[in-house]
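In: sequence first, then the predicted structure:
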Amino acid sequence: MGEYKDYMVRATAADKQIRAFAVTSRDLAEQARRYHNTSPVITAALGRLLTGGVMMGCMMKGEEDLLTLQIKCGGPAKGMTVTADSKGNVKGYPQTPDVMLPPNSKGKLDVGGALGLGILSVIKDMGLKEPYVGQVALQTSEIAEDLTYYFATSEQIPSAVGLGVLMNRDNTVKQAGGFIIQLMPYTDEKVISALEKKVAEVTSVTDLLEQGMTPEALLEQILGGFGVEVTERVAVQYSCNCSKERVTRAIASIGRKDIQEMIDAGESIEVNCQFCDKQYVFTPQELQGLLKGK
């Protein structure tokens, strides 16, 4: 693990007409795989969503802002959820960790087949009374194109999103990363058509990562002709902020009757965090205290 450390770069190009993000996310995708013991196709799907999520989280301005990407779908994966903050922390979980599917027609992991038809919700909690929610139907269910479509329709920002996860033979994560390139409203037509050509040449993010490309090199590859200026580097990681107190609040929300049944059973219960599988144990006495508190 020593040689990898995930990080994201933020950059501008073409005299600030283009803004761009690129990230390596191998460690965080592998961390998610270990926590959730996911099959290869779900590792790839969740890894892509985590990679997109961590970049989109860093687009938010506020210290306390939170971004959630939620997919609900009809395929065997059923759905997955990713939450990111504005400081490079991300976490997520799949509904169905163990989906197995044959490769798709290109011989790749069939993420589109695992998800099938569905809805992507983008929820931004910016400390206002109501969070912002944007929803789009999944287009290809391969995730990168779905995020591209979300930016175009919900935020009216022409964007190119590339995401990739490559597995080792032992089903650990070999490479993961991605980019998001966005045009500002005043971008020159010439820049737009030149950029479209360059983006179309990127066949696979994982191929570029396999060549040893850093996030900086990824952006240089696509935006090299436009004068790239890296404005920030941010460490990114899989990070779960669960605590006994948070899990207690979750239990408190399930209703008196159910809590009473747990108390009557007379045994301690174990509650696992959805995001990191950490176990929290509650004794009947603690549950009794919870009921009193309600």
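Out: Alright, I've got the coordinates.
In: make it CA atoms for all contacts and neighbour counts henceforth
Out: Fine.
In: which residue is the nearest non-sequential neighbour of residue 33?
Out: The shortest distance from residue 33 to any non-neighbouring residue, by Cα to Cα, 6 or more residues apart in numbering, is to residue 43 (5.8 Å).
In: tell me the contacts of that neighbour?
Out: 29, 32-33, 173 (Cα atoms under 8 Å, 6 or more residues apart in numbering).
In: mind doing that once more with 10 Å?
Out: 29-30, 32-34, 36-37, 49, 94, 97-99, 109, 111, 165-167, 171-173 (Cα atoms under 10 Å, 6 or more residues apart in numbering).
In: before we move on, what about residue 210?
Out: Residue 210 neighbours (Cα under 10 Å, 6+ apart): 166, 174-176.
In: the residues you listed into TSV, with extra columns for pLDDT and distance to residue 140?
Out: Putting those into TSV (pLDDT from 0 to 100; distance: Cα to Cα, whole Å) gives the following:
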residue	pLDDT	distance to residue 140
166	96	19
174	97	24
175	97	22
176	97	20
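In: can you give me the strands in the stretch 1-150 of the chain?
Out: With DSSP state E, counting those that start in this stretch, the ranges of strands along the stretch 1-150 of the chain come out as 7-13, 18-24, 66-73, 79-85, 89-94, 118-125, 132-137.
In: partner strands of the last one and their direction?
Out: For strand 132-137, the paired strands and their directions (DSSP bridges) read strand 118-125 (antiparallel).
In: likewise for the second one?
Out: Strand 18-24 has these partner strands in its sheet, going by DSSP bridges: strand 7-13 (antiparallel), strand 173-183 (antiparallel).
In: make JSON lines out of the ones you listed and add distance to residue 278 and mean neighbour count.
Out: JSON lines is the format used below for those (distance: least, Cα to Cα, whole Å; neighbours: other Cα atoms under 10 Å):
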{"stretch": "strand 7-13", "distance to residue 278": "25", "mean neighbour count": "22"}
{"stretch": "strand 173-183", "distance to residue 278": "22", "mean neighbour count": "25"}
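In: just put those strands in TSV and tack on distance to residue 123.
Out: Converted to TSV, those look like this (distance: least, Cα to Cα, whole Å):
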stretch	distance to residue 123
strand 7-13	22
strand 173-183	18
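In: point out the one among the ones you listed that comes closest to residue 266.
Out: Residue 266 sits nearest to strand 173-183 of all the strands paired with strand 18-24, at 42.5 Å, using Cα to Cα.
In: how about the strands in the stretch 151-294 of the chain?
Out: Counting by DSSP E, counting those that start in this stretch, the strands of the stretch 151-294 of the chain are 159-167, 173-183, 229-235, 237-238, 269-272, 279-282.
In: worst average pLDDT in those strands?
Out: Note on the strands of the stretch 151-294 of the chain: lowest mean pLDDT is at strand 269-272, with a mean of 88.
In: for it, C-alpha coordinates in PDB please.
Out: Output in PDB follows, covering the C-alpha atoms of strand 269-272 (Å, rounded to 0.1, in the frame of the first residue of the first chain):
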ATOM      1  CA  ILE A 269     -27.600  -6.100  20.400                       C
ATOM      2  CA  GLU A 270     -24.900  -5.400  17.900                       C
ATOM      3  CA  VAL A 271     -25.400  -2.600  15.400                       C
ATOM      4  CA  ASN A 272     -23.000  -2.300  12.500                       C
END
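In: now do the buried residues in stretch 67-82.
Out: 67-73, 75-82 (16 or more other Cα atoms under 10 Å).
In: give me the pLDDT value at the closest residue to residue 121 other than its chain neighbours.
Out: Among residues not flanking residue 121 along the chain, residue 135 sits closest, at 4.4 Å (Cα to Cα, 6+ apart). If you check residue 135, the pLDDT there is 97.
In: so what's the residue count around residue 135?
Out: 16 (other Cα atoms under 10 Å).
In: is it true that it touches residue 123?
Out: Yes. Contact criterion Cα atoms under 10 Å: residue 135 and residue 123 qualify, at 8.7 Å.
In: now for these two: what residues contact both?
Out: Joint contacts of residue 135 and residue 123 (Cα under 10 Å, 6+ apart) are 69-70.
In: what is the most widely separated pair among the buried residues of stretch 67-82?
Out: Distance extremes for those: the farthest pair is 67 and 76 at 25.1 Å, using Cα to Cα.
In: could you check how far residue 244 is from residue 93?
Out: To residue 93, residue 244 is 19 Å away according to Cα to Cα, to the nearest Å.
In: between the two, which is the more surrounded one?
Out: The residue with more neighbours, out of residue 244 and residue 93, is residue 93; 24 against 14, by other Cα under 10 Å.
In: with that, I have no additional questions.
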